[in-house]
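J.: Quick check, what structure comes out for this input:
(one chain, ligands or ions: 1)
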Amino acid sequence: MTFEGTAQVQTGQEWIERYQGALMNTFGPPQRVLVRGEGPYVWDVDGNRYLDLLGGIAVNALGHAHPAILDAVTTQLTTLGHVSNFFTTTPQIELAEKLLELIGAEGKVFFTSSGTEANEAAFKATRRTGRTTIVAAEGSFHGRTMGSLALTSKEAYREPFEPLPGDVRWVPYGDTAALEAAVDGTVAAVLLEPIQGEAGVIDPPDDYLAAARRIATERGALLWLDEVQTGIGRTGEWFAHVPSGVTPDLVTVAKGLGGGIPIGACIALGESGTLLQPGNHGTTFGGNPVATATALAVITTIEADGLLENSRAVGERIRAGLSDHPLVADTTGRGLLVGIVLNREVSADVQKAALAAGLIINNPTPDRLRLAPPLILTAEQADGAVKTLRALLDEAGS
Ligand SMILES: Cc1ncc(COP(=O)(O)O)c(C=O)c1O
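T.: I've put the predicted structure just below:
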């Protein structure tokens with residue numbers, strides 16, 4: 001093919017046809033073909049600009065093309081791009097230490113390249129307790145690999161792949177009495193999201209995590225919190241469990257940690273840090289120097305630029321701007337993980353209309369919208385988005 005041939009201008013629709021010819025149909029047809037991003041904005045191949053209020057589903061914590069990420073990636077890549085796990089690198093060690101410092105407890109870290117792999121590592125660690133039962137919550141999402149899928153509640157995701165690893169006991173999310181009844185001396189771990197993300201941004205009662213901690217400790221089980229979506233500043237805290245005051249045994253993170261460079265981590269606190277021993281687990285890419293150097297840059301930038309405070313302030317501003325709309329029954333989540341509960345099942349229509357109006361949002365359930373924008377979103381950008389969303393809700397409600 002000539003250079004002129006490859007450079008020929010193609011429309012988004014033409015690219016989507018090529019996508020459908022070459023990629024597995026696991027996600028359904030893509031909504032747009034995106035070619036560029038800067039700050040909280042992305043552009044499609046047809047030249048349209050969008051305010052990205054989803055941030056790659058809670059991933060682009062610093063927005064798009066942030067100088068700190070560009071610098072970390074290029075500096076590390078030109079210095080040392082990859083080593084085998086027969087060796088270590090300084091950013092890997094520094095990031096592990098930093099995560100433990102942020103979580104405020106002693107422990108050990110295992111790096112991965114995604115959220116589901118972080119959960120696989122934690123799942124394998126729980127097996128080393130000598131117990132096999134996991135208590136997990138209805139509505140949970142923990143990933144798509146076979147182990148994480150076994151712990152994910154949605155029947156439509158699980159059923160085509162059964163038999164999955166067994167011994168999973170399901171409890172309604174947020175129900176302390178159900179946890180009391182389900183967790184006995186055979187349970188290896190209680191696995192919870194501090195706020196359920198994929199289920200549509202579901203908040204548990206304020207005392208739920210503390211109750212889960214007490215119950216797990218009483219019965220000799222581990223408390224495992226999946227912070228893949230909620231961690232690393234998303235909710236206005238480094239970890240969403242911070243306000244509960246609990247110290248979990250296992251915490252899994254990914255998504256926002258690398259700001260778009262794939263990385264995850266299984267953080268095992270206290271004695272849990274020794275559950276996985278030499279030969280028990282491994283990965284080629286986990287802990288890669290480019291990914292870990294980038295994650296350090298993400299964390300440093302969140303600290304230096306006050307993005308935890310920004311996440312809290314801008315998140316509250318969005319909730320306050322939408323909560324009195326007649327179509328809005330409730331707003332949920334914390335910081336910049338925002339759920340908008342509608343009193344009619346029109347979220348798909350609102351999502352589509354938002355995209356046409358230049359806003360990327362998500363509709364996790366028929367009556368819920370989710371926003372997870374970059375933590376750099378300004379009050380002015382949020383106000384503009386709220387104004388557009390209110391107009392779209394007016395239309396959907398009429
Ligand atoms: C809470 C939670 N856990 C795990 C995952 C899986 O992460 P990944 O898609 O990086 O494998 C997700 C992804 O949405 C998630 O929200």
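J.: Where does this structure get nearest to the ligand, which residue?
T.: Closest residue of the chain to the ligand, Cβ to the nearest ligand atom: G115 (2.3 Å). All C-beta atoms are positioned from the backbone trio N, CA, C, and that covers glycine.
J.: mind listing the helices for the stretch 1-150 of the chain?
T.: According to DSSP state H, counting those that start in this stretch, the stretch 1-150 of the chain carries its helices in the segments 3-7, 12-22, 55-58, 67-79, 90-103, 115-127, 146-150.
J.: Give me the buried positions along the third one.
T.: Spelled out, it's helix 55-58. G55, G56, A58 (16 or more other Cβ atoms under 10 Å).
J.: Repeat that for the longest one.
T.: Of the residues in helix 90-103, those buried under the neighbour-count criterion (16+ other Cβ under 10 Å) are P91, Q92, L95, A96, K98, L99, L100, L102, I103.
J.: ok, now the last one?
T.: Going by neighbour count (16+ other Cβ under 10 Å), the buried part of helix 146-150 is G147, S148, L149, A150.
J.: ok, the last one touching P163?
T.: Same thing as A150. No. Assessed by Cβ atoms under 8 Å, A150 is found out of contact with P163, at 9.1 Å.
J.: Report the contact partners of the residue most central in space within the chain.
T.: Most central in the chain under Cα atoms, centre = their mean is Q229, positioned 2.1 Å from the mean C-alpha point. By Cβ atoms under 8 Å, 6 or more residues apart in numbering, the contact list for Q229 reads I57, A58, G115, E193, I195, G197, E198, K255, L337, A372.
J.: Recalculate using a threshold of 7 Å.
T.: When contacts are counted by Cβ atoms under 7 Å, 6 or more residues apart in numbering, Q229 touches A58, G197, K255.
J.: can you check V183 too?
T.: Counting by Cβ under 7 Å, 6+ apart, V183 touches V135, V190, I215, A216, R219, A221.
J.: Could you list which of those residues also contact the ligand?
T.: Subset of these in contact with the ligand: empty, counting by Cβ under 6 Å from any ligand atom.
J.: Columns distance to E309 on top of these, output as CSV?
T.: Formatted as CSV, the contacts of V183 follow (distance: Cβ to Cβ, whole Å):
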residue, distance to E309
V135, 35
V190, 31
I215, 33
A216, 32
R219, 38
A221, 35
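J.: What about those residues, which are in helices?
T.: I215, A216, R219 (DSSP state H).
J.: Buried ones among these?
T.: I215, A216, R219.
J.: wait, isn't the second one in contact with L223?
T.: Yes. The pair A216 and L223 qualifies as a contact (Cβ atoms under 7 Å) at a distance of 4.3 Å.
J.: what do these two both touch?
T.: With Cβ under 7 Å, 6+ apart, A216 and L223 have common neighbours V190.
J.: tally of neighbours for L23?
T.: 10 (other Cβ atoms under 10 Å).
J.: ok, what's across the strand from the closest residue to A65 other than its chain neighbours?
T.: Using Cβ to Cβ, 6 or more residues apart in numbering and skipping residues adjacent in sequence, the residue nearest A65 is E38, 5.1 Å away. Beta-bridge pairing for E38 (DSSP bridges): Y41.
J.: Can you get me a residue count around E38?
T.: 12.
J.: Quick check: it vs I69, distance?
T.: 12 Å (Cβ to Cβ, to the nearest Å).
J.: Need phi/psi at V187.
T.: Phi and psi for V187, reported as degrees, to the nearest 10, are phi -80, psi 130.
J.: Including mean pLDDT, could the helices of the stretch 1-150 of the chain go into TSV?
T.: Output for the helices of the stretch 1-150 of the chain, formatted as TSV (pLDDT from 0 to 100):
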stretch	mean pLDDT
helix 3-7	48
helix 12-22	97
helix 55-58	98
helix 67-79	98
helix 90-103	98
helix 115-127	98
helix 146-150	98
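J.: Out of those, flag the one nearest R234.
T.: helix 55-58 (5.6 Å; Cβ to Cβ).
J.: Model confidence for S398, exactly?
T.: pLDDT recorded at S398 is 83.
J.: Need the nearest residue in space to V45, chain neighbours excluded.
T.: V33 (4.4 Å).
J.: neighbours around that neighbour, how many?
T.: Per other Cβ under 10 Å, the neighbour tally for V33 reads 17.
J.: Let me see the contact set for it.
T.: G12, W15, I16, D44, V45.
J.: Near the ligand, which residues of the stretch 1-150 of the chain are found?
T.: So the stretch 1-150 of the chain meets the ligand at I57, S114, G115, T116, N119, F141, H142, G143 (Cβ under 6 Å from any ligand atom).
J.: residues near the fifth one, how many?
T.: Here the count is done by other Cβ under 10 Å, and N119 has 28 residues near it.
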